[in-house]
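> here's my sequence, what's the structure:
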Amino acid sequence: MIGVNLKEGESIEAALKRFKRECVNAGIQSEIKRREFFEKPSDRRKRKRDAAFRKREKKRLMMLRKESRQN
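Numbers count the residues shown, from 1 in each chain. I've put the predicted structure just below:
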């Protein structure tokens, strides 16, 4: 559970901003968005497969750029 203690002389706005930043860092917002609607298991597998493909392609392009700089 994320909690924020008010520091001496700290405004509510600053504490709220710090709380929001901690929520983003903990991944709470992305988890809420992910669970907002039911996702079929087949759709979940497809999304993960597509993400893995994009990650591999990005890595492959980075390696090609690295090789072209060396030549």
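
> F38 in helix, strand or coil?
Following DSSP: H, G, I helix; E, B strand; the rest coil, we place F38 in the coil state.

> what's it sitting at in phi/psi?
Backbone torsions for F38, taken as degrees, to the nearest 10, come to phi -70, psi 140.

> ok, now how distant is it from N5?
To N5, F38 is 37 Å away according to Cβ to Cβ, to the nearest Å. For glycine as for every other residue, the C-beta is placed from the backbone atoms N, C-alpha and C.

> L61 now?
L61 is 45 Å from N5, by Cβ to Cβ.

> what about those two, which has more around it?
L61 (10 against 7; other Cβ atoms under 10 Å).

> what's the average pLDDT for stretch 48-59?
What stretch 48-59 shows for mean pLDDT is 97.

> which residues sit against that stretch?
Stretch 48-59 is contacted by no other residue when judged by Cβ atoms under 8 Å, 6 or more residues apart in numbering.

> please pull out the lowest mean pLDDT helix or strand from this protein.
Ranked by mean pLDDT, DSSP states H and E, the weakest helix or strand in the chain is helix 28-35, scoring a mean of 89.

> so what touches that helix?
I2, C23.

> make it 10 Å
Outside of helix 28-35, the residues within contact range by Cβ atoms under 10 Å, 6 or more residues apart in numbering are I2, K20, E22, C23, V24, G27, R44, R47.

> helix, strand or coil: sort out A51 for me.
helix.

> cool, and V4?
Per three-state DSSP, V4 ends up coil.

> how about it, what does it touch?
V4 neighbours (Cβ under 10 Å, 6+ apart): E10, A14, A15, L16, K17, R18, F19, K20, R21, E22, C23.
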